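# Generate a structure from the sequence data that follows.
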Amino acid sequence: MKDIFKSINVLNPSIVFIVLVLLTITTVLLSGIDVSDSTAVIIALAVASIKAALVLTYFMHLNHEPLVFKVFLGVAFFTLLVIFLLTFSDYSFREMS
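Residues are numbered from 1 along each chain as shown. The predicted structure is shown next:
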């Protein structure tokens, strides 16, 4: 039973949790800055992407999974990125009335 507790490292998840809390505070503070709508969305998506990567890596243990899972996750995120880019490019070329 003692071997199980030796393999558990509490320091890494604690540091990641503190970083996630700091990024959440950063998101709240950045929401008060007066920037354009598209810049605010880009900043929010960037911070959310960093937080999602931390959660996937440390709390969902993606860093211990085989390469095939990482590749499929990369493909899914690339597809999501393409969908976001196509949506924002369509939005930017519309006429505002």
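
# In the record's domain split, what are the boundaries for the protein?
1-64, 66-97 (automatic domain parsing).

# weakest of those in terms of mean pLDDT?
Taking the mean pLDDT of each of the domains of the chain, the lowest value is held by domain 1-64, a mean of 81.

# secondary structure element for Ile15?
Here Ile15 sits within helix 11-30, counting by DSSP states H and E.

# Report the distance from that helix to the chain centre.
Distance of helix 11-30 from the chain centroid (C-alpha atoms, centre = their mean, to the nearest Å) equals 12 Å.

# do the same with stretch 15-33
With C-alpha atoms, centre = their mean, you get 12 Å for stretch 15-33.

# Which residues does that stretch contact?
Ala40, Ile43, Ala44, Val47, Ala48, Ile50, Lys51, Leu54, Val55, Tyr58, Phe59 (C-beta atoms under 8 Å, 6 or more residues apart in numbering). Yep, even glycine has a C-beta here, placed from its N, CA and C like the rest.

# Just name the most buried of the domains of the chain.
domain 1-64 (a mean of 11; mean count of other C-beta atoms under 10 Å).

# Tell me the helices and strands packed up against the longest helix seen in the chain.
Assignment by DSSP state H gives helix 67-92 as the longest helix of the chain. Contacts defined by 3 or more C-beta pairs under 8 Å, 6 or more residues apart in numbering; DSSP states H and E place helix 67-92 against helix 37-54.

# Show me what the helix it packs on is packed up against.
Partner elements for helix 37-54 (3+ C-beta pairs under 8 Å, 6+ apart): helix 11-30, helix 67-92.

# which residues touch that helix?
By C-beta under 8 Å, 6+ apart, helix 37-54 touches 16, 19-20, 23-24, 26-27, 30-31, 33, 35, 84, 88, 92.

# next one: that helix to chain centre, how far?
For helix 37-54, the distance to the chain centre is 7 Å (C-alpha atoms, centre = their mean).

# Give me the angle between it and helix 11-30.
Helix 37-54 runs at 170 degrees relative to helix 11-30, counting by axes from the mean of the first three to the mean of the last three C-alpha atoms, to 10 degrees.

# what's the spacing between the residue positioned nearest the centre of the chain and Asp34?
Central residue of the chain (C-alpha atoms, centre = their mean): Ser49, 2.2 Å from the mean position. To Asp34, Ser49 is 23 Å away according to C-beta to C-beta, to the nearest Å.
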